[in-house]
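Asker: make a model of this:
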Amino acid sequence: MSSAAAAELAEHVGHAVPVVRYERTRHEDHLSVVVPAGKVTHVHVPDHDAKSHLVTAILKARCEPGESLELFGTSVAELGPRERKRARTRIGAVSKVVGLVTSLNAWENISLPAAYHGRPSLENVVALAHEVLSAFDMAPERFLAHLPDELGMLERKVAAFIRALVTAPELIVFDALEDGLNPQECRRIAHFESVYRAHQPQGTVLYVEVKED
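Answerer: Have a look, this model is predicted:
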């Protein structure tokens, strides 16, 4: 590649449209979030209310008064029902905003997106679940048969993570990922990012946390 072509490519990458551009003004507080495409971004918000609004807006592709949001270069205010649904399918999350269904076991929760959208095949979902569970040294037969309330906090997050991977999301949101975990579990769950990258090399990762005092 010539130096001129390399410079042109660098300029193009530098001006790539962000995956997320979010603004929220509340009283005198202002929150601004920009998430570059293909990068890992850590956002620390001032409180749980701000975190809830940010994560909910992104996952629902919908804003409340005082908020503005662009996803994949388009304002969500301009999205019709079909476009909004399509935008949401491009996003995965480990978050209480889209928690596990308590009346369904882990396998039913994980396979729910495939059953709803008709893809990928259940065989592929089985293979994915076994792959990820093996990476975390969890026995699939025991894990998949349990209801969420019968699983530990780490296991519930793993189930939510596998469910998120099913739709091959372009953006994955990790919402307060370490909440409720002990230090050893935090070290294990840190591997979510590398597992996601293995499946979506060009994907975008967003961590959202509340600032510590």
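
Asker: lowest-pLDDT helix or strand in the chain?
Answerer: The helix or strand of the chain with the poorest confidence is helix 3-14; it has a mean of 41 (mean pLDDT, DSSP states H and E).

Asker: quick one: residues in contact with the following helix or strand past that one.
Answerer: Sequence order places strand 20-26 as the next helix or strand after helix 3-14, per DSSP states H and E. Residues from elsewhere that reach strand 20-26 (Cβ atoms under 8 Å, 6 or more residues apart in numbering): 30-35, 50, 53-54, 57-58, 66-71, 171, 206. All C-beta spots, glycine's among them, are computed from the backbone N, C-alpha and C.

Asker: tell me the first helix or strand C-terminal of strand 20-26.
Answerer: As assigned by DSSP H and E, the chain's next helix or strand after strand 20-26 is strand 29-35.

Asker: contact partners of stretch 70-90?
Answerer: 17-22, 57-63, 68-69, 91, 117, 167, 169-171.

Asker: ok, now with 6 Å
Answerer: The set of residues external to stretch 70-90 that reach it, using Cβ atoms under 6 Å, 6 or more residues apart in numbering, is 17, 21, 61, 63, 69, 167, 170.

Asker: and it, which residues are buried?
Answerer: Neighbour-count burial for stretch 70-90, counted by 16 or more other Cβ atoms under 10 Å, picks out 70-72, 76, 79, 87-88, 90.

Asker: dump the residue contacts of the nearest residue to V173 once chain neighbours are set aside.
Answerer: Of all residues not flanking V173 in the chain, A93 sits nearest, at 4.2 Å (Cβ to Cβ, 6 or more residues apart in numbering). Neighbouring residues of A93 by Cβ under 6 Å, 6+ apart: 59, 164, 173.

Asker: got it, and A37?
Answerer: A37 makes contact with 16, 19, 204, according to Cβ under 6 Å, 6+ apart.

Asker: tell me how far it lies from E23.
Answerer: Separation of A37 from E23 (Cβ to Cβ, to the nearest Å): 18 Å.

Asker: now swap in C63 and tell me
Answerer: 9 Å.

Asker: between the two, who's got more neighbours?
Answerer: Shown here are C63 and E23; by other Cβ atoms under 10 Å, C63 has more neighbours (19 against 15).
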